[in-house]
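> I would like the atomic coordinates for the input below:
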Amino acid sequence: MIAPHNRFADLHIHTHYSDGSLSCAEVIQGAVQAGLSCISITDHDTIEGVGPAKREAQPFPLEVVPGIELSSEWEGKDIHILGYFLNCESDFLKSELEKIQHARIRRIQEMIQKLKSHGIDNISLEEVCALSQSKSVGRPHLALVLHKKGWVSSLRAAFDKYLGEDCPVYVPKYKQSPYQAIDLIRRSGGVAVLAHPVVTNKDELIAGFVDAGLKGLEVYYPNVSATTISYYENIARKYNLIMTGGSDAHGAVKDNTFIGKVKVSYEVVEQLRQLAHSP
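Numbering: from 1, shown residues only. Below is the predicted model:
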């Protein structure tokens, strides 16, 4: 058996069950090729990819940790909370996620209606939803359809012109606070971690999240400087938070990252597991 310090995990991976382009089989293949011992499927607001990924991983020495990336908002700022070692059979979790997913569909409907006022009238809800293997549909799916139909030159252009937060077609997400997201993860048996704080840029909120039950900080993230990593390592030490990390791989949908680009010691997985199983 390989010692934990010689084993590595990528704890932030998306599949086509949310806004990634890769199937679970392709994710597992990529993880095996990267020499990983463990991954976590952390799709946006859905756990539907966890089971298929576990089945695909069975022939390999690869552990799949059940995970999720929950959307939330605070004072107009998107804040994402990762959850690890969730009880995917929890009726409470399933019920809450269903509410969020229905809100996601309504959001896309509203954005499609707004696009019509800008002369874009050949996009249907059905074709946008068809791009996701679950109800966890989002702006990247709408951007793909806009690009496919020639309305924009790139996915980035779709966000810059129509779908970005200050753009004419933008519709706010489901109203859930980070504190509610942390509570949802805790009540579902999981461990809550603040996703990509370098992107969120709301470090002043971390102390309050810790009081609410946050247990980890995604310190290690792709394309981040050593100085920034050191900064977040110090914050994690200050609040006694587990230092997690991952590639945030989305397949072809997201540039400049891939499965295994960022990995952490398997000891991090053991720390998360211990917290999830503690009273």
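
> in the protein, which strand is the longest?
Across the chain, the longest stretch assigned as strand under DSSP state E is strand 63-74.

> buried stuff in the helix or strand just after that strand?
Sequence-wise, the next helix or strand downstream of strand 63-74 (DSSP states H and E) is strand 77-84. Neighbour-count burial for strand 77-84 flags 79-84 (criterion: 16 or more other C-beta atoms under 10 Å). Placement of C-beta: from N, CA and C, glycine included.

> next one: stretch 141-159
Within stretch 141-159, judged by 16+ other C-beta under 10 Å, the buried ones are 141-147, 151-152, 155, 158-159.

> before we move on, the earlier item: reformat the buried residues of strand 77-84 as a markdown table; add distance to E165 and pLDDT.
A markdown table is the format used below for the buried residues of strand 77-84 (distance: C-beta to C-beta, whole Å; pLDDT from 0 to 100):
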| residue | distance to E165 | pLDDT |
| --- | --- | --- |
| I79 | 13 | 94 |
| H80 | 15 | 96 |
| I81 | 19 | 98 |
| L82 | 22 | 98 |
| G83 | 24 | 98 |
| Y84 | 28 | 98 |
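
> can I get those in CSV with distance to A236?
Output for these, formatted as CSV (distance: C-beta to C-beta, whole Å):
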residue, distance to A236
I79, 17
H80, 17
I81, 15
L82, 14
G83, 17
Y84, 15
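
> quick one on the thing from earlier: now the angle from the longest strand of the chain to strand 77-84?
160 degrees (axes from the mean of the first three to the mean of the last three C-alpha atoms, to 10 degrees).

> who are the packing partners of strand 63-74?
strand 8-13, strand 38-41, helix 50-57, strand 77-84, helix 178-187, helix 266-277 (3 or more C-beta pairs under 8 Å, 6 or more residues apart in numbering; DSSP states H and E).

> pull the distance from the longest helix that the chain contains to the chain's centre.
What stands out as the longest helix in the chain, according to DSSP state H, is helix 91-116. Relative to its chain's centre, helix 91-116 lies at 16 Å (C-alpha atoms, centre = their mean, to the nearest Å).

> do the same with stretch 110-129
25 Å.

> again, but for stretch 264-279
Distance, centroid of stretch 264-279 to centroid of chain: 19 Å (C-alpha atoms, centre = their mean).

> may I see the buried residues of that stretch?
264-266, 268-269, 271-272, 275-276.

> could you export the residues you listed as a markdown table, including pLDDT and distance to S124?
Formatted as a markdown table, the buried residues of stretch 264-279 follow (pLDDT from 0 to 100; distance: C-beta to C-beta, whole Å):
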| residue | pLDDT | distance to S124 |
| --- | --- | --- |
| V264 | 98 | 42 |
| S265 | 97 | 46 |
| Y266 | 98 | 45 |
| V268 | 98 | 43 |
| V269 | 98 | 42 |
| Q271 | 97 | 46 |
| L272 | 98 | 41 |
| L275 | 95 | 44 |
| A276 | 93 | 41 |
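
> so which of these is the closest to R187?
A276 (12.6 Å; C-beta to C-beta).

> pretty sure that closest one sits against G190.
Yes. The pair A276 / G190 is scored as a contact, 6.2 Å apart, by C-beta atoms under 8 Å.

> mutual contacts of the two, please.
Residues touching both A276 and G190 (C-beta atoms under 8 Å, 6 or more residues apart in numbering): 84-85.
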